[in-house]
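Undergrad: one predicted model, sequence on top.
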Amino acid sequence: MDDWFAIPIRAFVLAQEGMLVYVFAINTIYLFLMLLGYFVLRRDTGRLTRHERDALMRSYLVPAVSVLAPAYNEAATCRDSVRAMLKLRYPDHEVVVINDGSADDTLQVLIDEFHLYRSSRAPSGALATRPIKALYESRDPIRLVVIDKENGGKADSLNAGLNVARAFRRRTEGDPDPARLDAAPAPALLDLRCDCGRTRR
């Protein structure tokens, strides 16, 4: 009779030991996979190789990007800032500078430096902004649009830029650094930070 009671007890002990072995084995496998993934990711820096970067620069599949740069009384520095943004290595981008009712010669400096003419291009967006006086484009083969509008602040300027931009938008804030822009690992992760003449760290 005692043997009959011992059988289920032995079966329970064996099942319990089997579960312990299973849990130990599965956790050992998970630990191995985690360690393997850790060392693989350490070797992958996330940067594109030169060949991959060159192929990307020639691709028609890369989304277009519009760089929006509000400017207010930046006559002394906007020339260099805009030139730096135009040097961005990207296959399809435009620079949209928004002159937010500057009281100095910001607009005239841009007109003279980049050979701007008054364009018939009209805003295509519907965001509410202060009135736009004129849109300018360059006679030179550069992707530059300048918006001249009444003063409304940075947010209003960015809205005006969004209404005019033809491509995906990336807000800009801080001085442009072409070397850092080129180092972006992928177009979708581009973080362009430039605002004519101002530096924010």
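TA: Ah, there it is. No experiment lies behind these values; they were computed from the predicted model shown.
Undergrad: mind listing the strands for the protein?
TA: Counting by DSSP state E, the chain has strands at residues 65-71, 93-100, 116-118, 132-138, 144-149, 168-171.
Undergrad: export those as JSON lines, with columns for distance to Asp80 and mean pLDDT.
TA: Any C-beta I mention is one placed from the backbone N, CA and C, and that applies to glycine too. Formatted as JSON lines, these follow (distance: least, Cβ to Cβ, whole Å; pLDDT from 0 to 100):
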{"stretch": "strand 65-71", "distance to Asp80": "12", "mean pLDDT": "90"}
{"stretch": "strand 93-100", "distance to Asp80": "13", "mean pLDDT": "92"}
{"stretch": "strand 116-118", "distance to Asp80": "17", "mean pLDDT": "94"}
{"stretch": "strand 132-138", "distance to Asp80": "16", "mean pLDDT": "94"}
{"stretch": "strand 144-149", "distance to Asp80": "14", "mean pLDDT": "94"}
{"stretch": "strand 168-171", "distance to Asp80": "20", "mean pLDDT": "46"}
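Undergrad: make JSON lines out of those strands and add mean neighbour count.
TA: Shown next, in JSON lines, are those (neighbours: other Cβ atoms under 10 Å):
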{"stretch": "strand 65-71", "mean neighbour count": "25"}
{"stretch": "strand 93-100", "mean neighbour count": "26"}
{"stretch": "strand 116-118", "mean neighbour count": "15"}
{"stretch": "strand 132-138", "mean neighbour count": "17"}
{"stretch": "strand 144-149", "mean neighbour count": "23"}
{"stretch": "strand 168-171", "mean neighbour count": "16"}
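Undergrad: need those in a markdown table (columns: distance to His51).
TA: Shown next, in a markdown table, are the strands of the chain (distance: least, Cβ to Cβ, whole Å):
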| stretch | distance to His51 |
| --- | --- |
| strand 65-71 | 22 |
| strand 93-100 | 22 |
| strand 116-118 | 38 |
| strand 132-138 | 33 |
| strand 144-149 | 31 |
| strand 168-171 | 25 |
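Undergrad: show me the one of these that comes nearest Ala25.
TA: With Cβ to Cβ as the criterion, Ala25 lies closest to strand 168-171 of those, at 48.9 Å.
Undergrad: contacting residues for Val62?
TA: Leu56, Tyr90, Pro91, Asp92, Pro187 (Cβ atoms under 8 Å, 6 or more residues apart in numbering).
Undergrad: on that earlier part again, what's the closest of the strands of the chain to Leu14?
TA: Go through the strands of the chain one by one with Cβ to Cβ and the one that ends up closest to Leu14 is strand 168-171, at 62.7 Å.
Undergrad: nearest residue to Leu68 other than its sequence neighbours?
TA: Residue nearest to Leu68 in three dimensions, not counting chain neighbours: Gly161, with 3.8 Å by Cβ to Cβ, 6 or more residues apart in numbering.
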